[in-house]
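**Q** Need a 3D model of the following:
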Amino acid sequence: MQFKLESTDETTKARAGTMTLAHGKVETPIFMPVGTAGTVKGVHQRELTNDIDPDIILGNTYHLYLRPQVKILEMAGGLHKFMNWDRPILTDSGGYQVYSLSANRKIKEEGVKFKSHIDGSFHVFTPENVMEIQRSIGADIIMAFDECTPYPCEFDYAQRSMQMTHRWLDRCLEHLDKLPYKYDFEQTFFPIVQGSVYKELRVQSAEYIASVGAEGNAIGGLSVGEPAEEMYAMTEVVTNILPKDKPRYLMGVGTPINILENIALGIDMFDCVMPTRNGRNGMLFTAHGTINIKNKKWEDDFSVIDDMAITWVDTAYSKAYLRHLFTVNEMLGRQIATIHNLGFYLWLVREARKHILAGDFSGWKAQMVKQMDKRL
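**A** Numbers count the residues shown, from 1 in each chain. Below is the predicted model of the structure:
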């Protein structure tokens, strides 16, 4: 992977750069649509490519390991070929899914034993086999296996968890050195900073992760229920330490406002299920605020969804029509809302990039945050 830092905003730490990966270039800041199980839910690949147009999407090791299973992905020639996607992919290591399965898993030094949410069968993830699985999936960027701590959690637990995550990182790196690439391209490895909302731990973890010298770095364990101000405080602590010449990925974040605030703190990469999940439930993000399209007030509103983030969805369909589709429980409504939200998120980060390059990001961000912080 190559990363070229092109511009840094003078009044914030916002950055614009370009990553060059095995399957193409990624302009940052970037939002990565979540394609958990080999699909961005409810979106055809042609819509993803032609309308939303992301430089990179995300897949998930836990879900792909369970279904369709590693052997199927290997037979297909990797996830890119399996899902007919020729742009970059990043895979989460499954650490967050392990966190979310708290009632069905047991964490030990060796790894994590967990029960499948599908059929109740037992499985084990270790730093070593998670690296092997991600080799088989074949993403451009693969993540270290970590433990994501809940919020709130006690300092002692957060410290023990962080230290184990660091030991797991060492095991990931040692095992990766022994594993040849499965396909005809290289993969890039990102370690993950942990430490909950404790500044002391975040400093220790960021310093340890930076010392590894990986090509990029991630920040995990945030956006798990903590107040936004704590998220921003921890992000700032970490970005002050992580290398400036390498991309920084804030995992699982977040709302459009969260994304702009964290871009201002020096984050380059984001992912979140919010635009797709909220879209399926009728919640639309726009440059003027959020819309619950199920509300009666949109029944006779024939204007486009958002005149500042025009996609083919907005030009083709009105608020009234989209509300009608939700009212009659038509699947197309959920698809249109999903594509609109993803299109808006990609528009937002690309506008942020333009303003960073133009040198007026700070004023634009303040205006956008004020506009988006409304319920329409």
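
**Q** Just give me the neighbour total for Tyr249.
**A** Tyr249 has 23 neighbours, counted by other Cβ atoms under 10 Å. No exception for glycine: its C-beta is placed from N, CA and C like everyone else's.

**Q** host element of it?
**A** strand 248-250 (DSSP states H and E).

**Q** just checking, what packs against that strand?
**A** The contact analysis (3 or more Cβ pairs under 8 Å, 6 or more residues apart in numbering; DSSP states H and E) places strand 248-250 against strand 217-219, helix 228-239, strand 269-271.

**Q** Now the element after the last one, going C-ward?
**A** The one in question is strand 269-271. Assigned by DSSP H and E, the successor of strand 269-271 is helix 274-280.

**Q** Next, the buried residues of that following helix.
**A** Judged by neighbour count using 16 or more other Cβ atoms under 10 Å, the buried positions of helix 274-280 are 274-276, 278-280.

**Q** Determine which stretch of the helices and strands packed on strand 248-250 is the most buried.
**A** Mean neighbour count (mean count of other Cβ atoms under 10 Å) peaks for strand 217-219 among these, with a mean of 27.

**Q** So which elements touch it?
**A** Looks like strand 217-219 contacts strand 192-193, helix 228-239, strand 248-250 (3+ Cβ pairs under 8 Å, 6+ apart).

**Q** what does the helix or strand hosting Gly59 rub up against?
**A** Assigned by DSSP H and E, Gly59 falls within strand 57-60. The contact list for strand 57-60 (Cβ atoms under 8 Å, 6 or more residues apart in numbering) reads 32-38, 40, 48, 79, 85, 87-92, 94, 97, 137, 139, 271.

**Q** nearest to Glu200, of the helices and strands packed on strand 248-250?
**A** When these are compared by Cβ to Cβ, helix 228-239 sits nearest Glu200, at 9.5 Å.

**Q** I'd like the average pLDDT over the closest one.
**A** What helix 228-239 shows for mean pLDDT is 98.

**Q** just how off-centre is that helix within its chain?
**A** How far helix 228-239 lies from its chain's middle: 17 Å, per Cα atoms, centre = their mean, to the nearest Å.

**Q** Which parts of the stretch 201-350 of the chain are helices?
**A** Along the stretch 201-350 of the chain, counting by DSSP state H, counting those that start in this stretch, helices occupy 228-239, 256-263, 274-280, 312-316, 319-327, 331-358.

**Q** and what of the stretch 1-150 of the chain?
**A** Ranges of helices in the stretch 1-150 of the chain, per DSSP H, counting those that start in this stretch, are 45-47, 61-66, 70-76, 79-83, 95-100, 127-137.

**Q** of the ones you listed, which approaches Arg334 most closely?
**A** Closest of the helices of the stretch 1-150 of the chain to Arg334 is helix 45-47, at 13.2 Å (criterion: Cβ to Cβ).

**Q** For that closest one, the averaged confidence score.
**A** 93.

**Q** what residues does it touch?
**A** By Cβ under 8 Å, 6+ apart, helix 45-47 touches 83-85, 339.

**Q** Can you give me the pLDDT of the closest residue to Thr255 other than its chain neighbours?
**A** Spatially, and ignoring its direct neighbours in sequence, Thr255 is nearest to Met274 (6.5 Å; Cβ to Cβ, 6 or more residues apart in numbering). Residue-level confidence at Met274 comes out at 97, pLDDT.

**Q** what's the distance between Met274 and Glu186?
**A** 31 Å (Cβ to Cβ, to the nearest Å).
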